[in-house]
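*Asks:* would you be able to build a 3D model of this:
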Amino acid sequence: HTHTHTPEPKLAPPAEPAETSPSFFPAAVLTVWLLILPLLLLYNLFALVRKVSTLMYPKPCGDTKVTSKEKRPKMSDDESSSDIRQASEALKSVLEGEQDLDDLAPPETTEAVVAPGCCVECKDRRSTKLCDQCEDEYCDQCFLSLHRKGSRAKHTAAPVSELREDEAVCAPVSGRVLPQSIVPYAVASPPAAVSTAEVAAAAVQSQRDFSLLTGVDANAFERFSPDWFEARARYIPVRLKMDERRYLRLTSSSVAVCNYTERVDRMDFKKQAQRTHAQLQNICAVLSGILLGAAYDKARKYVKNREYKPASKMFRSMFEFTRRHKIMNPEKMRTDYGKFLYMLQDIQDERLQGYLALDVKNPIHTVYDALCKIGAEAMLRDPDMTTATKEVMPDGKSREEIKAEIKHKERTVNAMVKRYATRGNQEDLKWMLYSITDNHSFLRCNRVPIDDMLAYLKKYFSPDHAEEGLSLAITGGVEGSRLTHSHARHFAFVHQSLLLWREIQDDMFRLWCLAEHDMLDSQNRYVLKDTGQGLHRVQNSPRVAAAMKNILFRMQQEVGEWIGSSVIHLGDTNVPNALVFIDKYTQVPRILTPIVQAVKEVDRMLKDQLLNQYVEHTFGSGERLKKIILHDFFKNGFDGSGADNFFDAGSCIDGRLTSAWNWCSQLESKPFYSIFKLSGFIGFDGDFQQ
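*Replies:* I've put the predicted structure just below:
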């Protein structure tokens, strides 16, 4: 065999490793840091400068955003250079460590300054008590409100030694001294260098400021006294004349055919500009209709160019007629007046004034203003004022007696007109007297049902003992009640609630005027919010709230121990604004009148033989039937029920009325509902249109 020798292949020597180049990563990181570091330094420096400028020149509270159409005030070169110089010097001192950054901020003032001698809680009434434990001065109302429960109820108080009855704080109005209960603003004791005239002027101005807030409370005076007539005349609207009623019908008809709130008060607007456009569109439609209906020939050019400012005076007068008519007749325009007032509220808004340039707010034309204008305000203090303005009622009188009273009243009116008439204004003076008579008629229609219910409460129930089956005691969680009261405590609770409702009805004209002041205040903006009962305009009501606190305080002083809560809901989800508040309390006579009517009709029903048998077989007797009806209302109409949850119902001022409305909604399920139908009952709501 021949062997072939195959040489082994020679392996190539391993290649030497190539020289590695230095890594690029550390250089990139270093480059990035060198670029970012100056930017960070510049950002921190800019933030520092901005903070210094903010601390030195803080922005005012509120919405300070400037739109594109608004122009900022220009500064002079000297002012601008001075501000820059001050800012740079302050920044230099901070950077060099000579001054701390927090030292540049102005001192914070978290508490409002209270004038000497004023209550530390409400800050507008004269302090009358010094709490020994709190070491603060309070007025009577705030002291009782803050020291009702808990450990504060054990606090002791001493009268303020500086308070004197003859002090200038009792500001004179028409030459008389007002009671201390309605003069809340204090005037500090003057130094020796201040003259008496200056102190008196300050006191008068203080009272005027408070009168703008809550007005003069006529119920602080004796009923039908000269002071009572003068104080009440400040809020009694003048009766509309025939030419004014023509414009009233035009305005009410124009508002009735529009759907302003349905098109404007919606939450589906994505931008505020869309809602503003809808407001302007609907407002212009209503204003155009009113303007063309009032003066077609003259109004065409204004409507064509959307110029409403030349007709501002006419709009103010026409809208004032409508507002005045509503105050005197709360049962009128029940669905349309809300749209009307909300439209006026939007017209007064500063955001729409740039487009409309229209002022529609006119003060209500009252009897006092009209008499002052013609120089006959002294007529309000005439001794014959009661006779000249009284109502002639036919109850239990013969036709001859009624005619004699009417003639006597007319002779008194003519005699007063002759005493105070000047320059042929006899008819105007008569019109003022008739307007005051309208006020008496309003009080009678709204007070009498409450007076009747108070009389029934005292006649058929006793706070000391309860008749079998007619106890007023309630227990929380039983039969829908959310309160727990014994018979005596619930008797006092119902009695106090009725007294409070009567006081509110007595002061309804003043509350109406204050409510419209709050609603049409351009500085008091509302917020559209879902309150659980639909969309509402939630708005603060400082004037109505202050007046209600005065009424509540007067009632608490009268009854002594106050049962339940004294919270007044205003500007929240329960009572969104002043209009809703007023509307709620105008329903009190609508609730009580059918109950009073049904109780009174029982005696007439017993005269019918068949109805007498029905009453005796079902209820036992006529007197027992009256007690059953009243017992059910007094017990279940004031049990704190009616709200959506336990927090919104209860014994608060608003909750009492809510419980009464809840009882009305359940009337059809009551065993005595047939008695209401036989007495002529139709419903509690009445006619919403007429």
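
*Asks:* residues of the longest helix along the chain that come out buried?
*Replies:* Taking DSSP state H as the criterion, the chain has its longest helix at helix 426-460. Going by neighbour count (16 or more other C-beta atoms under 10 Å), the buried part of helix 426-460 is 428-430, 432-433, 435-440, 442-443, 446-450, 452-454, 456-457, 460. Using the backbone N, CA and C atoms, a C-beta is placed for each residue, glycine as well.

*Asks:* and if you look at stretch 499-507?
*Replies:* For stretch 499-507, by 16+ other C-beta under 10 Å, it's L500, W501, R502, E503, I504, Q505, D506, D507.

*Asks:* just the CA atoms of that stretch, as PDB, please.
*Replies:* Output of stretch 499-507 as PDB, limited to C-alpha atoms (Å, rounded to 0.1, in the frame of the first residue of the first chain):
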ATOM      1  CA  LEU A 499     -95.700  83.100  65.300                       C
ATOM      2  CA  LEU A 500     -92.600  83.300  63.100                       C
ATOM      3  CA  TRP A 501     -94.600  82.800  60.000                       C
ATOM      4  CA  ARG A 502     -97.000  85.600  61.100                       C
ATOM      5  CA  GLU A 503     -94.000  88.000  61.600                       C
ATOM      6  CA  ILE A 504     -92.700  87.200  58.200                       C
ATOM      7  CA  GLN A 505     -96.000  87.800  56.600                       C
ATOM      8  CA  ASP A 506     -96.300  91.100  58.500                       C
ATOM      9  CA  ASP A 507     -92.900  92.200  57.000                       C
END
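
*Asks:* now what about that stretch, what contacts it?
*Replies:* The contact list for stretch 499-507 (C-beta atoms under 8 Å, 6 or more residues apart in numbering) reads 217-219, 443, 446-447, 450-451, 454, 511, 547-548, 551-552, 554-555, 558-559, 585, 588-589, 653, 656-657.

*Asks:* which of the residues you listed are buried?
*Replies:* 217-219, 443, 446-447, 450, 454, 511, 547-548, 551-552, 554-555, 585, 588-589, 653, 656-657.

*Asks:* among those, name the ones in helices.
*Replies:* Going by DSSP H, the helices hold 443, 446-447, 450, 454, 511, 547-548, 551-552, 554-555, 585, 588-589, 653, 656-657 from the buried ones among the contacts of stretch 499-507.

*Asks:* now the buried residues of stretch 499-507 in JSON lines, with pLDDT and distance to L630?
*Replies:* JSON lines is the format used below for the buried residues of stretch 499-507 (pLDDT from 0 to 100; distance: C-beta to C-beta, whole Å):
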{"residue": "L500", "pLDDT": "94", "distance to L630": "19"}
{"residue": "W501", "pLDDT": "94", "distance to L630": "16"}
{"residue": "R502", "pLDDT": "93", "distance to L630": "17"}
{"residue": "E503", "pLDDT": "92", "distance to L630": "22"}
{"residue": "I504", "pLDDT": "93", "distance to L630": "22"}
{"residue": "Q505", "pLDDT": "92", "distance to L630": "20"}
{"residue": "D506", "pLDDT": "90", "distance to L630": "23"}
{"residue": "D507", "pLDDT": "90", "distance to L630": "27"}
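
*Asks:* tell me the pLDDT of the residue positioned nearest the centre of the chain.
*Replies:* Most central in the chain under C-alpha atoms, centre = their mean is A578, positioned 3.0 Å from the mean C-alpha point. Looking at A578, its pLDDT stands at 93.
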